[in-house]
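1. Take this sequence and fold it.
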Amino acid sequence: MASWFRSGDFEATVLPNGIRLHAVRAPRYKTTLVTAFARSDLGDRAAWTALLPFVLKRGCRAFPTEASLRRHLERLCGTTLEAGVHRFGSHQIVSWELEIPCERFLPIVLRRDFLGEAFEVLRDLWADPLVQGGAFRSDYVAREKANLAAQIRSLVEQKDRYAYERCRALMAGKTALAIHPYGTLVDLEMVRPGSLWSHYRTWLERAPVDLYAMGPEAPQEILKRAMPALTFPRRAASSAPARPTFVKFSGVRRRAERARVAQGRICLGFATNIDPWDDGRASDAFLVYNGILGGYPHSRLFQQTREKESLAYSISSVADRATGWLFAEAGVAPGNRQKALVSILRQVDSLARGRIERKEFALTVAAMRQGLRRLVDLRAAQIDAHYEEGLLGRTFTRSAALARLTEVTLEDVRRVAGSVRLAASFFLGPA
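-> Got it, this is the predicted structure:
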């Protein structure tokens, strides 16, 4: 008999091999969304780990080609399977997402255990991949190396993303926080089919895995379908995340680069005194501060720098909850670089001096509350929020998040604003 415990909005249990299952019944849906996250620390083999979900999707022993896997998923009444890699703080997260129809909503002649068979697909991909002579198939590895290399190179073409990554790297210095979840081309070039297979076996043993399921089935029913497939042998890896990496800042780190662009990109990185593991009001006040500065159309940067002063084509700010850092980004005409920079810093300084109007505070809190209410219609976002809060040592419920937001005061936001300080400045301009 499984031992269940409450985990935010989900019921949770731990399978014998250490996989943590989080499940919640959502009767309004006619499909079940299953998302699996596997976590490891970003390091010098980030590109190796980034390859894994895509090489695994290429084929396993049960479905040796992508085409055969795709045909099988189509027979499961159009079940979909996606894989991805992203970063949260210094964690590299590999994810798989399946959406599976619930058989009881289908005609009797079409009914079968779609959910159980979807879990079997995950089992086949993870525990029984296609291996030849102690290595992944060389042509599959070669294709996915080429695909990942193209994605890494394409980051340079995504100017806004590139500017953000360069600014983040300035902030992070030599810590793991500077590493992109795709890794580097140098790291990728070292991958060989045999060494990647060895890396995968070690990674699968050590990576904590969290499996989420949200749909019309009760948690006990989901466990019943998952247990036969997902109890393959595996060391029960610890699920407790390490505390985030902290970076000490002294002075402002600055960098400018030239490229074949018509529009300049400014990205400013700000440090704060926010501890991401703080479960008090400071973390929520930090998010409200970001909303006031540049998170919404009513924000300071949009209304002042873009609309009133016409110094930016686009402008916004984003709060990184995993680090307590904040980034302000703007697309500007090259000749307006300095004026836009001064305007952005003027707004940051104004907030730091406590000049926050009650109207902009109220508008931001209302917009954030509306965003939390909309989560009821966004299963993937609910799952992501629960998982990421877990990485910060907290549990997420929509109702508790709404209640905490209501408790944030204008003075809380002013205290956060007083701690915000410029730590990095990056500019990408025309050659």
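
2. from here on, contacts and neighbour counts on C-alpha atoms
-> OK.

3. Assign a three-state SS to residue 13, would you?
-> strand (DSSP: H, G, I helix; E, B strand; the rest coil).

4. neighbours of the nearest residue to it once chain neighbours are set aside, just the number please.
-> Of all residues not flanking residue 13 in the chain, residue 4 sits nearest, at 4.8 Å (CA to CA, 6 or more residues apart in numbering). One way to gauge burial is a neighbour count; for residue 4, by other CA atoms under 10 Å, it gives 14.

5. for the one 5 residues further on, same thing?
-> A total of 19 residues lie near residue 9 under the criterion other CA under 10 Å.

6. show me the residues around it that make contact.
-> By CA atoms under 8 Å, 6 or more residues apart in numbering, the contact set of residue 9 is 24, 396, 397, 398.

7. Pretty sure the third one sits against residue 386.
-> Spelled out, it's residue 397. Yes - the pair residue 397 / residue 386 is scored as a contact, 7.4 Å apart, by CA atoms under 8 Å.

8. Comparing these two, which residue is more hemmed in?
-> Taking residue 397 and residue 386 together and counting by other CA under 10 Å, residue 386 has the greater number of neighbours (22 against 18).

9. Next, the more buried one: secondary structure please.
-> Residue 386 falls in the helix class when you classify it by three-state DSSP.

10. My read is that it contacts residue 396, right?
-> Yes - using CA under 8 Å, residue 386 and residue 396 qualify as a contacting pair, with a distance of 5.0 Å.

11. Give the residues shared as contacts by those two.
-> Common neighbours of residue 386 and residue 396 are listed as residue 8 (criterion: CA under 8 Å, 6+ apart).

12. where does this protein dip in pLDDT?
-> 1-2, 109, 236-246, 279-280 (pLDDT under 70).

13. Can you give me the domain boundaries for it?
-> Following automatic domain parsing, one gets these domains for the chain: 5-230, 253-430.

14. Arrange these in TSV, one row each, with distance to residue 247 as further columns.
-> Conversion of the domains of the chain to TSV gives the following (distance: least, CA to CA, whole Å):
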stretch	distance to residue 247
domain 5-230	7
domain 253-430	9
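
15. Tell me where the stretch 201-350 of the chain has helices.
-> In the stretch 201-350 of the chain, the segments counted as helices under DSSP state H, counting those that start in this stretch are 219-230, 281-290, 300, 337-352.

16. quick revisit: identify the contacts common to residue 397 and residue 386.
-> residue 8.

17. And for the helix or strand harbouring residue 367, what's in contact with it?
-> Taking DSSP states H and E as the criterion, the element that holds residue 367 is helix 358-374. The contact list for helix 358-374, computed with CA under 8 Å, 6+ apart, reads 288, 291, 292, 296, 298, 299, 398, 401, 402, 405, 406, 410.

18. Out of the contacts of residue 9, list just those in helices.
-> Among the contacts of residue 9, DSSP state H puts residue 398 in helices.

19. Could you provide the contacts of residue 9 in a markdown table, with additional columns for distance to residue 273?
-> As requested, the contacts of residue 9 are exported to a markdown table (distance: CA to CA, whole Å):
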| residue | distance to residue 273 |
| --- | --- |
| 24 | 35 |
| 396 | 23 |
| 397 | 25 |
| 398 | 26 |
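
20. Got a quick ChimeraX command for the buried subset of the contacts of residue 9?
-> One line in ChimeraX is enough to select the buried ones among the contacts of residue 9; burial here means 16 or more other CA atoms under 10 Å:
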select :24,396,397,398
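
21. Return the closest of the contacts of residue 9 with respect to residue 43.
-> Relative to residue 43, the closest of these is residue 396; by CA to CA it sits at 28.1 Å.

22. Just the strands from this protein, written as ranges.
-> Remark: strands of the chain, listed N- to C-terminal, are 5-7, 10-14, 20-25, 31-41, 80-88, 91-101, 209-215, 253-259, 264-271, 314-320, 325-332, 421-430; assignment by DSSP state E.

23. Note down every partner strand of the second one and its orientation.
-> What that stands for is strand 10-14. Next to strand 10-14 in the sheet, as set by DSSP bridges, lie strand 5-7 (antiparallel), strand 20-25 (antiparallel).

24. out of those, nearest to residue 270?
-> strand 5-7 (32.8 Å).

25. So what touches that closest one?
-> The set of residues external to strand 5-7 that reach it, using CA under 8 Å, 6+ apart, is 11, 12, 13, 22, 395, 396.

26. got a list of what the first one touches?
-> Under the criterion of CA under 8 Å, 6+ apart, the contact list for residue 11 reads 4, 5, 22, 23, 24, 219.

27. ok, back up a step: need the contacts of helix 358-374 in CSV (columns: distance to residue 360).
-> What follows is the contacts of helix 358-374, written out as CSV (distance: CA to CA, whole Å):
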residue, distance to residue 360
288, 10
291, 9
292, 6
296, 10
298, 7
299, 8
398, 23
401, 20
402, 18
405, 15
406, 15
410, 10
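
28. Distance to residue 325 added to the strands paired with strand 10-14, as JSON lines?
-> Output for those, formatted as JSON lines (distance: least, CA to CA, whole Å):
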{"stretch": "strand 5-7", "distance to residue 325": "27"}
{"stretch": "strand 20-25", "distance to residue 325": "29"}
